[in-house]
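In: Pasting the sequence and the predicted coordinates here, then a few questions.
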Amino acid sequence: MAPSFRHILLACAATMLAVTLAAAAPAPSGDKNAPVTFTADDVQYDREDGIVTATGHVEAWQNDKTLRADKIVFNRNTGVAAASGNVVLQQADGQVLFADYAELTQDMKDGVLIGMRALLLQNGKLAANGARRTDAKINEMTRAVYTACNLCKTDPSRAPLWDIRARLAVQDVENKKIEYYDAIVDIRGIPVLYTPFLAHPDPSEKRATGILPPTFGYANKVLGTYVIAPYFIVIDGSSDATVTAFPASNAGVALELEYRKKFNSGAIKLESSVADEHGSPEGHVFFKGEFALSDVWRWGFDLNRASGSNYLRDFKISLNVPVLTSQVFLEGYGQGSYARTDVRFYQSVQTGNTASLLPTVLPRTQYSYFGEQDGLGGRTTVDVGAFNLLRSAGTSDERVNLNGGWSRPFTGPIGDLYNLSFNVDSALYDSHGLNLFPNYANIRDADAGQAMPTVSLEMRLPLLRNTGDGLGSQTIEPIAKLMVSPNGSSYHNGRIPNEDSLDVDFSDANLFDRNRNGGTDRLEGGVRLALATQGTWIFPSGAKLQGLIGESFRLHPDPYMLVQSGLQGTMSDIVTRQTFSPGHTFDITARERFNHDTLKPTFADLMGSGGPEWLRFTGGYIYANSTPLNYYNQAPNTPAALLDLKTPRNEVSFGGSTKIAPWTVSLSARRDLKLNKMVSVDADLAYENECFIFAIKFYRRYFSINGDNGDSGLLFNITLKTVGEFGFHAN
């Protein structure tokens, strides 16, 4: 027999077997008519019976598919091709099929396999005593077993962590689904669940229509006993939906819908629900989309509305959200520039929030530019903004602002560093209802404007010492910044509203800012000097110690700085920062602010973490002597001496976690030291390996939201990877 003839005959047998065995995944990409190349120790042809036999290390490959067997026989008269002895088919997508014996008909649509095993995607494993292929679409398997767990290396016959056994299993190749009849779920070989029918997507399928695992729960305060039953629908290749029924014994029934759709230029996502909670109609709509107009421009929207925060929290839609924001925007990115225009609406969903005080922004526009280095070695910055803000029971105003600047860094002869800057901050206003929230001025309507030019010079002198005596290197850097501006304005006797400078958070982070108010509506002026010294000590072991201490001085007090901001008078509070990192497994950072006269702390923030991954601890502490935003909740024209700003925050937090594969445990808690009571507690326990997840989560909230006197919850979850998850949730 000529070599070319043997080639053709074995190609036919190998191709038929390869197509028939490709039951676990779609056919790999490539030309189906491409020639099949093979090797074998021996090839025999029986002309009388029309049988071609290839034996001994038979290997055939086409495109990215490879077939191996001890023996392949093709009967030209009956049209039957058979492979036997260590049959292995390796597919282009990485899946591998094994069989003791495989027999195919000539049309390649029907066949049988004996002793079939398959390695599927995502570590899936499927085995059966026998398999029958029908019409090239359905594979029926008897005495089938499926698992995604690794087998014991020393004893492969040992039962895996979990498996699904079935009297009959059907693999729908076309729809990528595996169905089981008379199925038993085993844990370590022990039957724990029987079901007459069970189905899940083939591991190669990322999206498949079907019932998702339900969640059962109990919430004695609000919902009672409830069930969350989701159904996932694949609409097409670019869209899907999830419909969820949420019946609760004490609160009625909720129906939820999630819809997702991808386009060539963007995507949309819709989440909505309707419910009858305690006899009252409830619901929500969250609708979001983003679309690219070009490589530079994009637009989008974010619509969020709900009947109330209690409903969002009770039905696990969104927790502790006091205000929902909706917007439509257009934004663009350029070389060193950014532009955005948006329209914003706000909805109050929490008890105690006054909806009439929330603004509507129609519209807000901003543009920022950071220029390239010019011929003088400096850079120009420009920020332009405008907004129209409306309140039905508060101040409504329109503003146009322009902030421009130029700065140039340079270096002195001894390594001293300088940065010279010129800046102008300006804004024009048209305001109505200035006598209302949040301004409480003595006039109602006004047109006004303000401008604040500032010249500043920052000086730094980094001093480095490397002793070479095993103590590492030390750096000390004195910093000074002189800022010269006209004295702060009187804000035209209340004619200028305040929308973006409601809170002043003075710390080391904004010690050198030219405007510590943080916005444009209140501009810091006068002659002022900020001084600080920061140092760094790097030890030979790699440990690092850093620190900063600083203070700000001014020629004249700024009477418009908030009470207890730390910036009143001619001398500010003292701000400090310390960071210590003895190694990769530990770090601690602390920030403080001290009254410059009494040195009593007015603010402290401490956060640290340490330990290896298998045992890591975290801790934190925060103290603040006042709540500046309380100022805007006072009655109109309250004298400064009577303002109630003293609502200190004094809170400690701590936690720990350990990760020793496959176990993960974490615990965290917060406690209010002023009230001497817990704020919250969270605990998590999880076990995860290649095929299984077991997790328990507990939380307890001690503070009240909308008068609920706290909340607690327990989530119990089991996930069989590639099959689904099952959980119990109680709170």
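Out: Right, received. Where do you want to start? Residues are numbered from 1 along each chain as shown.
In: OK, contacts around residue 671?
Out: By C-beta atoms under 8 Å, 6 or more residues apart in numbering, residue 671 lies in contact with 651, 652, 653, 677, 678, 679. (Each C-beta comes from the backbone N, C-alpha and C, glycine too.)
In: now with 10 Å?
Out: Residue 671 sits next to 650, 651, 652, 653, 654, 677, 678, 679, 680, 681, 702 when contact means C-beta atoms under 10 Å, 6 or more residues apart in numbering.
In: The first one - how many residues pack around it?
Out: Read that as residue 650. Here the count is done by other C-beta atoms under 10 Å, and residue 650 has 16 residues near it.
In: Give the bridge partners for it, please.
Out: According to DSSP bridges, the partner residues bridging residue 650 are residue 623.
In: returning to that earlier point: which members of the contacts of residue 671 occur in strands, if any?
Out: Those of these mapping onto strands are 650, 651, 652, 653, 654, 677, 678, 679, 680, 681, per DSSP state E.
In: Same list (those residues) but as JSON lines, adding pLDDT and distance to residue 338.
Out: As requested, the ones in strands among the contacts of residue 671 are arranged in JSON lines below (pLDDT from 0 to 100; distance: C-beta to C-beta, whole Å):
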{"residue": "650", "pLDDT": "88", "distance to residue 338": "40"}
{"residue": "651", "pLDDT": "92", "distance to residue 338": "37"}
{"residue": "652", "pLDDT": "95", "distance to residue 338": "40"}
{"residue": "653", "pLDDT": "94", "distance to residue 338": "36"}
{"residue": "654", "pLDDT": "93", "distance to residue 338": "40"}
{"residue": "677", "pLDDT": "88", "distance to residue 338": "45"}
{"residue": "678", "pLDDT": "91", "distance to residue 338": "44"}
{"residue": "679", "pLDDT": "87", "distance to residue 338": "38"}
{"residue": "680", "pLDDT": "89", "distance to residue 338": "38"}
{"residue": "681", "pLDDT": "93", "distance to residue 338": "42"}
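In: With respect to residue 267, which of the residues you listed is nearest?
Out: residue 680 (34.8 Å; C-beta to C-beta).
In: residue contacts, the closest one?
Out: For residue 680, counting by C-beta under 10 Å, 6+ apart, the contacting residues are 653, 668-671, 699-703, 710-712.
In: could you redo the last one with a cut-off of 7 Å?
Out: Shown in contact with residue 680 (C-beta atoms under 7 Å, 6 or more residues apart in numbering): 669, 670, 700, 701, 702.
In: Buried only: go through these for me.
Out: With burial judged by 16 or more other C-beta atoms under 10 Å, the buried subset of these is 669, 670, 700, 701, 702.
In: got the domain boundaries for this protein?
Out: Annotated domains of the chain cover 3-206, 209-393 [automatic domain parsing].
In: so which of these gets nearest residue 663?
Out: Of all the domains of the chain, the one in closest proximity to residue 663, counting by C-beta to C-beta, is domain 3-206 (14.3 Å).
In: circling back: nearest to residue 625 among the buried ones among the contacts of residue 680?
Out: residue 670 (19.3 Å).
In: how about the closest one, what does it touch?
Out: Counting by C-beta under 7 Å, 6+ apart, residue 670 touches 651, 653, 679, 680.
In: As a markdown table, those with distance to residue 615 would be great.
Out: Shown next, in a markdown table, are these (distance: C-beta to C-beta, whole Å):
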| residue | distance to residue 615 |
| --- | --- |
| 651 | 25 |
| 653 | 18 |
| 679 | 25 |
| 680 | 23 |
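In: Let me know the closest of these to residue 512.
Out: Closest approach between the contacts of residue 670 and residue 512, by C-beta to C-beta: residue 651, at 28.7 Å.
In: re the thing from before, would you format the contacts of residue 671 as CSV with distance to residue 335 included?
Out: Written out in CSV, the entries for the contacts of residue 671 read as follows (distance: C-beta to C-beta, whole Å):
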residue, distance to residue 335
650, 48
651, 45
652, 47
653, 43
654, 47
677, 54
678, 52
679, 47
680, 46
681, 50
702, 51
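In: Buried only: go through the residues you listed for me.
Out: 650, 651, 652, 653, 679, 680, 681, 702.
In: Pick out the most distant pair among those residues.
Out: When C-beta to C-beta is used, the two most widely separated members of these are 650 and 681, lying 18.3 Å apart.
In: circling back: and the buried ones among the contacts of residue 680, which two are furthest apart?
Out: So, the buried ones among the contacts of residue 680 by C-beta to C-beta: farthest apart are 669 and 701, at 11.5 Å.
In: Tell me where the chain has helices.
Out: When assigned using DSSP state H, the helices of the chain occupy the ranges 3-21, 309-314, 491-494.
In: Show me what counts as buried in the shortest one.
Out: By neighbour count on 16+ other C-beta under 10 Å, the buried set for helix 491-494 is 491, 494.
In: hmm, who's touching stretch 237-249?
Out: Under the criterion C-beta under 7 Å, 6+ apart, residues 207, 223-235, 253-262, 315 lie in contact with stretch 237-249.
In: Could you export the domains of the chain as JSON lines, including mean pLDDT, distance to residue 483 and mean neighbour count?
Out: Below are the domains of the chain laid out as JSON lines (pLDDT from 0 to 100; distance: least, C-beta to C-beta, whole Å; neighbours: other C-beta atoms under 10 Å):
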{"stretch": "domain 3-206", "mean pLDDT": "76", "distance to residue 483": "57", "mean neighbour count": "18"}
{"stretch": "domain 209-393", "mean pLDDT": "88", "distance to residue 483": "16", "mean neighbour count": "16"}
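In: could I get those domains as TSV with distance to residue 403?
Out: Supplementary listing: these in TSV, determined by distance: least, C-beta to C-beta, whole Å:
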stretch	distance to residue 403
domain 3-206	48
domain 209-393	4
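In: quick one, which of the ones you listed is nearest to residue 685?
Out: Of all those, domain 3-206 sits nearest to residue 685, with 17.5 Å by C-beta to C-beta.
In: Centre of the chain to that closest one, how far?
Out: The chain centroid and the centroid of domain 3-206 are separated by 40 Å under C-alpha atoms, centre = their mean, to the nearest Å.
In: center of this protein - which residue?
Out: With distances taken as C-alpha atoms, centre = their mean, the chain has residue 318 as the residue nearest its mean C-alpha position (15.1 Å).
In: contacting residues around it?
Out: By C-beta under 7 Å, 6+ apart, the residues touching residue 318 are residue 312.
In: nearest to residue 716, of the domains of the chain?
Out: Put simply, out of the domains of the chain the one that sits nearest residue 716 is domain 209-393, at 9.5 Å, with distance taken as C-beta to C-beta.
In: end to end, how far does the closest one reach?
Out: 50 Å (C-alpha to C-alpha, to the nearest Å).
In: For burial, what's the neighbour tally of the closest residue to residue 456 other than its chain neighbours?
Out: Counting by C-beta to C-beta, 6 or more residues apart in numbering, the nearest residue to residue 456 once its immediate chain neighbours are dropped is residue 483, at 4.3 Å. For residue 483, the neighbour count with other C-beta under 10 Å is 24.
In: What's opposite residue 483 in the beta bridge?
Out: Legend: beta-bridge partners of residue 483 under DSSP bridges are residue 456, residue 528.
In: Verify the contact between it and residue 454 for me.
Out: Yes: applying C-beta atoms under 7 Å, one finds residue 483 in contact with residue 454, separated by 5.8 Å.
In: Need the overlap of contacts for the two.
Out: Residues touching both residue 483 and residue 454 comprise residue 514, with contact defined as C-beta under 7 Å, 6+ apart.
In: and residue 162, what does it touch?
Out: When contacts are counted by C-beta under 7 Å, 6+ apart, residue 162 touches 147, 149, 185, 186, 187, 691, 692, 720.
In: show me where pLDDT drops low in the stretch 551-700 of the chain?
Out: Scanning the stretch 551-700 of the chain for pLDDT under 70 picks out 626-647.
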